[in-house]
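A.B. asks: please find the sequence and the predicted model below.
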Amino acid sequence: MIRFFLKFLSWCPGAFGLLLRQKIYPCCLGKCGRNVLFGRFVTFKGRKKIHIGNSVVINDHALLDAEVCRAGHFGITLEDHVFVGSGTRVHCCGESIHVHNKANLGSECRIFADTPIVIGEHVLLAAYCLVGGKRDTIEKGNYEQQDLETVSSSAAETTIGNGCWLGVRAVFRSGVCIGDNTIIGAHAIVEHDLPAQVVAIGYPAEVLYSR
Amino acid sequence: MKSLNRFTPPVRNKSAAVEPQTALQKKLGQHGSPFKRYHRSVVGQNGYLQLFLYEIINFFLIPLPGRTGLFFRRLALPLILGRLGKKVHMGPDCTIRNGRKIFIGQGAIIGTKVTLDVKTGENALILGDGVRIGSRTILNCNGAVMEIGNGTNIGTACRLGSLKGLKVGQRCQLGEQVCISGASHAFSDTDISIIHQPVTCKGQTVIGDQVTIGERVTILDGVTIGDGVTIMPGSLVNKDIATGALVSGVPARLVST
């Protein structure tokens, strides 16, 4: 019965649906602030490990998956004024994801956390970006709980600094850190760390010039 | 209703420091009450009757599956769209915003969960005759006129935007996940984060007739592509391409003419 009701909620169109979801979804989630807008067909997995701040917008067809998360980790945290575009998929493949204030995740982005991922303030991710995820993680699709215990927990953190801009279809490998206000060009693949205040393009991403 | 409208809402936090708006917030028009914002984004400058019609059709007819849904949508959608041609096949669960500025030619096929989004202002979205749009594609018209020619075929999960206009010619083939960005950000100021800097656009994006665009191609703003061009999958187009060329790579380079 509850399942049927949740299915109706995620389907419900128009202003009525927006209002219903705004009132009822916070009860299902781990923590949810005020004035949060949920689009249609938004999917949550591991609902109790998802923490959402005030005035967050989650667009249609987005997927937040915190089901496979190591014990004691926070799962997915979205701070205030975060925007999640339509069709964006956020997966915890064992580790936590922290998105800071006013970050903007574009449409059809994919985020796989097999190392802890931190996305800084005012970060702008363009459409179709891919963050994290070792190749085998993506191919396997889903991590089993037993696999998690064998994976070492000393993996490096993936960090996108404050005010960065990732271009369309940029690929960001796991364990890579980039500094504040860095721009990554469209179709670039970031495989090693980059300093702050630079523009980088290409595969692997090389510094083009300093801003 | 009129007497209600005369009330001006109390001015809040006038002395408080105004936070810089992000480009997205400006686009959404983050002022006024939530209802006003919803009204503006959904039916634009049209009145409450249009909003009521939109809500009724959006709730009961747009999610309806099967042939019944198709039949009722053909009957009712002309009420909220600018023009709907004959024999249009429109799948369920589409999102239509500011429908009076959307013009759909006859025989068009629009898949499921397509977003046709026109922002308020002097914007329009024109789909020609026999246009086919795959499911989950987003047509996002922020400014000027987005025009898609007769018989063009657009794949699934594409994203087409326009700030200073987008023109796609006749009988083009666009693959899956094609992104025509149509806008960019200024990044000259290093003190402010990029999200707060203005949106820029080099000009109108023009794509000629009978162009073939492969999967996962990105086309940046202000690019002109000639007739009969072929773009290989996974390319990034940031410069103009002459008629009849074959290009590939990041950024796209000429392979043969």
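C.D. replies: Perfect, I can see it now. Numbering: from 1, shown residues only, chains lettered A, B, ... in the order given.

A.B. asks: where does chain A have low pLDDT?
C.D. replies: A:71, A:134-155 (pLDDT under 70).

A.B. asks: return the residues of it in contact with chain B.
C.D. replies: With C-beta under 8 Å from any C-beta of the partner chain as the criterion, chain A meets chain B at residues A:11, A:13-16, A:18, A:35, A:40-41, A:60-61, A:83, A:86-87, A:102, A:104, A:107-108, A:121-124, A:126-128, A:162-165, A:168-169, A:181, A:183, A:186-187, A:197, A:199, A:202-203, A:211. Bear in mind the C-beta positions are built from the backbone N, C-alpha and C, glycine included.

A.B. asks: so which of the residues you listed are in helices?
C.D. replies: A:11, A:14-16, A:18 (DSSP state H).

A.B. asks: mind checking the SS state of the residue lying closest to B:G32 once chain neighbours are set aside?
C.D. replies: Spatial nearest neighbour of B:G32, chain neighbours left out: B:R40 (7.5 Å); criterion: C-beta to C-beta, 6 or more residues apart in numbering or on different chains. Put simply, B:R40 is helix when judged by DSSP: H, G, I helix; E, B strand; the rest coil.

A.B. asks: how near is A:F112 to A:L63?
C.D. replies: To A:L63, A:F112 is 12 Å away according to C-beta to C-beta, to the nearest Å.

A.B. asks: list, one by one, the residues from chain B near chain A.
C.D. replies: Residues of chain B lying near chain A (C-beta under 8 Å from any C-beta): B:22, B:24, B:34, B:38, B:42, B:55, B:58-59, B:62-63, B:93, B:95, B:113, B:115, B:136, B:138, B:157, B:159, B:177, B:179, B:181, B:185, B:187, B:190, B:193-196, B:216, B:218, B:220, B:234, B:236, B:250.

A.B. asks: and the residue of chain B nearest chain A?
C.D. replies: Among the residues of chain B, B:S193 lies closest to chain A, at 3.2 Å counting by C-beta to the nearest C-beta.

A.B. asks: list the contacts of that residue.
C.D. replies: Residues near B:S193 by C-beta atoms under 8 Å, 6 or more residues apart in numbering or on different chains: A:121-122, A:162-163, A:181.

A.B. asks: B:I180 contacts B:K167, doesn't it?
C.D. replies: No - assessed by C-beta atoms under 8 Å, B:I180 is found out of contact with B:K167, at 10.7 Å.

A.B. asks: need the overlap of contacts for these two.
C.D. replies: B:205, B:207.

A.B. asks: between those two, which one's more packed in?
C.D. replies: B:I180 (25 against 18; other C-beta atoms under 10 Å in any protein chain shown).

A.B. asks: list the beta-bridge partners for the more buried one.
C.D. replies: Each beta-bridge partner of B:I180 is listed here, defined by DSSP bridges: B:L160, B:I219.

A.B. asks: give me the number of residues near the residue lying closest to A:D65 once chain neighbours are set aside?
C.D. replies: Distance criterion C-beta to C-beta, 6+ apart; nearest residue to A:D65, sequence neighbours excluded, is A:K45 at 4.2 Å. A:K45 has 15 neighbours, counted by other C-beta under 10 Å.

A.B. asks: any figure for the gap between A:K45 and chain B?
C.D. replies: 20 Å (C-beta to the nearest C-beta, to the nearest Å).

A.B. asks: ok, now which ones touch whatever residue of chain A ends up closest to chain B?
C.D. replies: Using C-beta to the nearest C-beta, the single residue of chain A nearest to chain B is A:G163, 3.2 Å away. By C-beta under 8 Å, 6+ apart, the contact set of A:G163 is A:120-123, A:180-181, B:193-195.

A.B. asks: at 10 Å instead, please
C.D. replies: The contact partners of A:G163, taken as C-beta atoms under 10 Å, 6 or more residues apart in numbering or on different chains, are A:102-103, A:120-124, A:179-183, A:196-197, B:190-196.

A.B. asks: can you give me the pLDDT of the nearest residue in space to it that is not next to it in sequence?
C.D. replies: Spatial nearest neighbour of A:G163, chain neighbours left out: B:S193 (3.2 Å); criterion: C-beta to C-beta, 6+ apart. On the pLDDT scale, B:S193 is placed at 81.

A.B. asks: do B:A242 as well
C.D. replies: We have a pLDDT of 92 for B:A242.

A.B. asks: number of nearby residues for A:V198?
C.D. replies: Residues lying near A:V198 (other C-beta under 10 Å) number 19.

A.B. asks: same question, B:N46
C.D. replies: 19.

A.B. asks: just A:C164 next, same as before
C.D. replies: A:C164: 28 neighbours (other C-beta under 10 Å).

A.B. asks: and A:N162, what is it in contact with?
C.D. replies: With C-beta under 10 Å, 6+ apart, A:N162 has these contacts: A:100-103, A:119-123, A:179-182, A:196, B:193.

A.B. asks: give me the buried subset of those.
C.D. replies: A:100-103, A:119-123, A:179-182, B:193 (16 or more other C-beta atoms under 10 Å in any protein chain shown).

A.B. asks: before we move on, the earlier item: tell me the phi and psi of the residue of chain A closest to chain B?
C.D. replies: Dihedral pair for A:G163: phi 70, psi 20, per degrees, to the nearest 10.

A.B. asks: cool, and A:I24?
C.D. replies: Dihedral angles (degrees, to the nearest 10) for A:I24: phi -100, psi -30.

A.B. asks: surely it and A:I2 touch.
C.D. replies: No - counting by C-beta atoms under 10 Å, A:I24 sits too far from A:I2 to count as a contact (11.0 Å).

A.B. asks: now whichever strand or helix holds B:F59 - C-alpha only, CSV.
C.D. replies: Per DSSP states H and E: B:F59 is located in helix B:48-60. Coordinates of each C-alpha in helix B:48-60 appear next as CSV, following Å, rounded to 0.1, in the frame of the first residue of the first chain:
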residue,chain,number,x,y,z
TYR,B,48,-5.4,32.3,-14.8
LEU,B,49,-7.7,30.5,-17.3
GLN,B,50,-4.8,29.3,-19.2
LEU,B,51,-3.1,28.0,-16.0
PHE,B,52,-6.3,26.2,-15.0
LEU,B,53,-6.6,24.6,-18.5
TYR,B,54,-2.9,23.6,-18.4
GLU,B,55,-3.3,22.0,-14.9
ILE,B,56,-6.4,20.0,-16.0
ILE,B,57,-4.8,18.8,-19.2
ASN,B,58,-1.4,18.1,-17.5
PHE,B,59,-3.0,16.1,-14.8
PHE,B,60,-5.5,14.0,-16.7
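
A.B. asks: tell me which residues are up against whatever helix or strand comes next after that helix.
C.D. replies: Following helix B:48-60 in sequence order, the next helix or strand is helix B:66-76 (DSSP H and E). With C-beta under 10 Å, 6+ apart as the test, helix B:66-76 has contacts from B:53, B:56-57, B:60-64, B:84, B:86-94, B:110.
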